[in-house]
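Trainee: Provided below for reference: sequence and predicted model.
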Amino acid sequence: MRTLAISKRIGKELLRDKRTMALVLLAPILIMWLMSVIFSANSETSATIGTVGVSSSITKKLDKVDNVTVKRYQTKSRAKKALKHYHLDAVIIKTGSNKYHLYYANIDYAKTALTKQGFQQALSKQQIAQIKSKITNLSKAINQINQTLPAGHKLQIKKSKSSSKTKITNTYEYGNKDTGFFNKIAPIFIGFFIFFFVFLISGIGLLNERSSGTLERVLATPVRRSEIVAGYMISYGVLAIIQTLIIVATSVWLLDIEIVGSLWLILLIAIVLSAVALSLGIFISTFASSEFQMVQFVPIVLMPQIFFSGIVPLDALPSWCTPLSQIMPLTYAARAMEDVTLKGAGFNEIAGNLGILLIFLAIFTVLNVVGLKQYRKV
Amino acid sequence: MLIDLENVNKSFDKQKVLNNINLTIDAGQIIGLIGPSGAGKTTLIKTALGMEKADSGVTEVMGTPMPNRKILGKIGYMAQSDALYDNLTAKENLEFFGQLKGLKKQEIASEITRVAGITALTAHLNKRVSLFSGGMKRRLSLALALLGQPKLLVLDEPTVGIDPALRKTIWEELKKLRDKGCGILVTTHVMDEAEQVDQVVMLMGTIIAQDSPAKLKEKYQVKSIEEVFLQAESEVLNNENAGN
């Protein structure tokens, strides 16, 4: 009864705070859309390469490499001057037979990499062409030899089946050929938005109650400390559900992200995650004495969670990152979200991650209920 | 006995705030707690309510040792800060605290009408608190304390920022409640309010004087409680200096 009164009151306050509501409900749509634009942008790099003294066949092959343009220069100094003025991304100078010296602008490492890779490609194509011509010469020589040999002793070359083009068919378990990086991080961001907004709003909400004295006044009634925490949980849980629905709807219909698993499981993860974010927000608000100080916790509590929750694959990171990611609630929520959206995991498969989230929840909730003793000794 | 404090001591970080306090409040009594800032008035109130726990001594409210959660439903408490939800209307604030106090639905409706009448807020019930003036907020804060007709009222500076006419009505109302058998503990800075109480308690970490206003004035041979206060205070300070 008291729990409901508290959650109803918080709900009313939230609804009347139009700006916060707009932020909570519309900001994720805007940010998701912007991210999808950025991450699905044509990210191909192109490079302009100057060559000096490089044979025309290699130059041609280099020019044929995707996204590479070649300009031939007569002298080393002119090419290098162009590089200095950033008209070129790289210069290739032949310094001897089979010796090349490459100069890079190296402002954009991707262009440098493309040049290295493109030049290798051109060189190996050149080698293959040379081998081919050698083989042709060789078979001609064999034919000539065969003519001098008596019948029955002729050398035979088995003709391999003509090098007809290899056919490759692609089938995608998830998504289609346009599935990109954004699809991978979208589920993580669903989790992140919920975590971010619930953490910040509930933390500041309780902080206001502390500083305005309403918390003390509430605790001067026979309310249980646990009823206060539960009241907060219900109202912010509802907020998280609404927010999740909006984000999921945006992802599916506006951004065309395929969700393989069940929407109910995503909502379940969202509710559990919002409860964790809430309990953490309330807990952290104990250490803040103003809204400004609460916001200062964003880079400490929230930013590391984005980086270590799976946007960058963990096995690609140094080993000390692993324990760090294991103490972050968002890691487990992101894993569960990924499993449901990308792999269509069922409840049993995400139960482990949900369980760990519930442990986080239990720890922070107990700390919060005990922490309220600061205001009332029973 | 509504409140019974015996030999209560309380310190914060080695600093003694309450020193051997003995105080009882009975039904049908208004007790005025006066003292300079930092004298421990608010700490005394919070200890009596069980929001702080006394280091030693007996703290009982209505015969129950404090801190005790359930007994809080029988106390009307008004804090020094207004502590209201600004985004809610006055009525919603009243409803919310009525629910927390455990009042029934019909009770809440009739109680809101009653306390709004006492604090002259009936016309403003549906206004948001953010639009209230300082005095209106103070009145609403008092109205919250009166919800559920508690037997014991604990009011921390109830009339700050309230204009004289309304202050008078509020005091008349408090006296009416007292006559109905309510016990009231009130802190104040306004010395002419201290004249209206049944007993004045002067607090400076320890209780330095306690009696009815008339008797205190007689004892110190002065005309007002303000002078009593100043004399009592200087006596304590002189004693302290002599002790050093």
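Mentor: Alright, I've got the coordinates. Numbers count the residues shown, from 1 in each chain, chains lettered A, B, ... in the order given.
Trainee: for the residue lying closest to B:Ser224 once chain neighbours are set aside, what are its contacts?
Mentor: Among residues not flanking B:Ser224 along the chain, B:Met191 sits closest, at 6.6 Å (C-beta to C-beta, 6 or more residues apart in numbering or on different chains). Heads up, the C-betas are built off the backbone N, CA and C, glycines and all. If you count contacts by C-beta atoms under 8 Å, 6 or more residues apart in numbering or on different chains, B:Met191 has them with B:34, B:224-226, B:229.
Trainee: how close does A:Ile185 get to A:Ile257?
Mentor: 10 Å (C-beta to C-beta, to the nearest Å).
Trainee: my error: substitute A:Gly344 in the last question.
Mentor: 14 Å.
Trainee: which one's more surrounded, the two?
Mentor: A:Ile257 (21 against 16; other C-beta atoms under 10 Å in any protein chain shown).
Trainee: show me which of the contacts of B:Met191 are buried.
Mentor: Among those, those scoring as buried are B:34, B:225, B:229 (criterion: 16 or more other C-beta atoms under 10 Å in any protein chain shown).
Trainee: out of those, the closest to chain A would be?
Mentor: B:Ile34 (22.1 Å; C-beta to the nearest C-beta).
Trainee: give me the pLDDT for the closest one.
Mentor: Listed pLDDT for B:Ile34 reads 87.
Trainee: just the one 3 residues further on next, same as before
Mentor: Turning to B:Ser37, the model gives it a pLDDT of 79.
Trainee: what is the burial count for it?
Mentor: 7.
Trainee: part of a helix, is it?
Mentor: No: B:Ser37: not assigned to a helix; according to DSSP: H, G, I helix; E, B strand; the rest coil it is coil.
Trainee: against B:Lys137, how distant is it?
Mentor: B:Ser37 is 22 Å from B:Lys137, by C-beta to C-beta.
Trainee: just A:Asn348 next, same as before
Mentor: 55 Å.
Trainee: ok, A:Thr221 next?
Mentor: With C-beta to C-beta as the criterion, A:Thr221 and B:Lys137 are 19 Å apart.
Trainee: what do you get for A:Leu207?
Mentor: Counting by C-beta to C-beta, the gap from A:Leu207 to B:Lys137 is 20 Å.
Trainee: would you mark the buried spots in the helix ranked longest in chain A?
Mentor: Secondary structure of chain A per DSSP state H: the longest helix is helix A:109-148. Using 16+ other C-beta under 10 Å as the test for burial, helix A:109-148 gives A:111-112, A:114-115, A:118-119, A:121-122, A:125-126.
Trainee: where along the chain do the helices fall?
Mentor: In the absence of a named chain, this looks at chain A. So, for chain A - with DSSP H - the helices run A:2-16, A:18-39, A:56-64, A:76-84, A:109-148, A:181-212, A:214-219, A:225-249, A:263-285, A:291-297, A:303-306, A:321-326, A:329-343, A:347-371.
Trainee: hmm, no, I was thinking of chain B.
Mentor: B:41-49, B:90-101, B:105-118, B:134-146, B:164-179, B:191-194, B:213-220, B:225-243.
Trainee: in contact with the residue of the stretch 101-250 of chain A found nearest chain B, which residues?
Mentor: Closest approach of the stretch 101-250 of chain A to chain B (C-beta to the nearest C-beta) occurs at A:Gly213, with a separation of 3.5 Å. Contact analysis of A:Gly213 by C-beta under 8 Å, 6+ apart lists B:79-83.
Trainee: hang on, the earlier thing: quick one, the longest helix of chain A and helix A:56-64 angle?
Mentor: 130 degrees (axes from the mean of the first three to the mean of the last three C-alpha atoms, to 10 degrees).
Trainee: which elements pack onto helix A:109-148?
Mentor: Here helix A:109-148 touches strand A:47-52, helix A:56-64, strand A:68-73, strand A:90-96, strand A:99-104, going by 3 or more C-beta pairs under 8 Å, 6 or more residues apart in numbering or on different chains; DSSP states H and E.
Trainee: point out where the stretch 51-200 of chain A drops to low pLDDT.
Mentor: A:157-164 (pLDDT under 70).
Trainee: what's the local residue count around the nearest residue to B:Val160 once chain neighbours are set aside?
Mentor: Leaving aside its sequence neighbours, B:Val160 sits nearest to B:Arg138 (C-beta to C-beta, 6+ apart; 6.4 Å). Using other C-beta under 10 Å, B:Arg138 is surrounded by 24 other residues.
Trainee: show me the contacts for B:Arg138.
Mentor: With C-beta under 8 Å, 6+ apart, B:Arg138 has these contacts: B:82, B:158-162.
Trainee: the residues you listed: which two are farthest apart?
Mentor: B:Asp82 and B:Thr159 (12.9 Å; C-beta to C-beta).
Trainee: measure how buried B:Leu84 is and give me the count.
Mentor: Counted with other C-beta under 10 Å, B:Leu84 comes out at 23.
Trainee: my read: it touches A:Asn208, true?
Mentor: No: in this structure B:Leu84 lies outside contact range of A:Asn208 using C-beta atoms under 8 Å: 11.8 Å.
Trainee: need the overlap of contacts for these two.
Mentor: A:Thr214.
Trainee: contact residues of chain B facing chain A?
Mentor: B:49-53, B:67-73, B:75, B:77, B:79-85, B:87-88, B:92, B:96-97, B:99-102, B:144 (C-beta under 8 Å from any C-beta of the partner chain).
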